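1. I'd like to go over a predicted model; first the sequence, then the structure.
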Amino acid sequence: MEQSSPLAQLVSLIATALVDQPDRVVVREVAGDRFPRIELTVAREDIGKGIGKDGRTAQSIRSLLSAAASKAGRRAHLEILD
């Protein structure tokens, strides 16, 4: 797993706890125009667990990421890749 910041580590920790194949979780931090983008990739079979019903799990992860980033005086955006 590629982890470059505490924010990426947070997303990785949450994602690995949710999926059936935690060894296939990949989290990358990509520099964006205004703030970093955290990219989450999971196994194809686990994509539903990462997004959740009606996107609720993904939104919850985004809320936690936003709170952690705010505490650090930063902003970040989570993108779930398939």
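-> In hand now; what should we look at?
2. Is residue 29 in a helix, a strand, or coil?
-> Classification of residue 29 using DSSP: H, G, I helix; E, B strand; the rest coil returns strand.
3. Please report how far the spatially closest residue to residue 32 that is not a sequence neighbour lies from residue 24.
-> Nearest non-adjacent residue to residue 32, counting by C-beta to C-beta, 6 or more residues apart in numbering: residue 77, 7.0 Å away. In this view, the C-beta of every residue, glycine as well, is placed from N, C-alpha and C. Look at residue 77 and residue 24: by C-beta to C-beta, to the nearest Å, they are 22 Å apart.
4. Next, count neighbours for the residue nearest to residue 32.
-> Neighbourhood size, residue 77 [other C-beta atoms under 10 Å]: 16.
5. now residue 60
-> Residue 60, neighbours per other C-beta under 10 Å, totals 12.
6. quick one, what contacts the residue nearest to residue 69 when sequence neighbours are not counted?
-> Among residues not flanking residue 69 along the chain, residue 76 sits closest, at 4.3 Å (C-beta to C-beta, 6+ apart). Applying C-beta atoms under 8 Å, 6 or more residues apart in numbering to residue 76 gives the contacts 7, 35, 36, 37, 38, 65, 66, 69.
7. What subset of these is buried?
-> 7, 36, 38, 65, 66, 69 (16 or more other C-beta atoms under 10 Å).
8. Specify which member of the residues you listed is nearest to residue 28.
-> For the buried ones among the contacts of residue 76, the closest approach to residue 28 (C-beta to C-beta) belongs to residue 38, at 7.5 Å.
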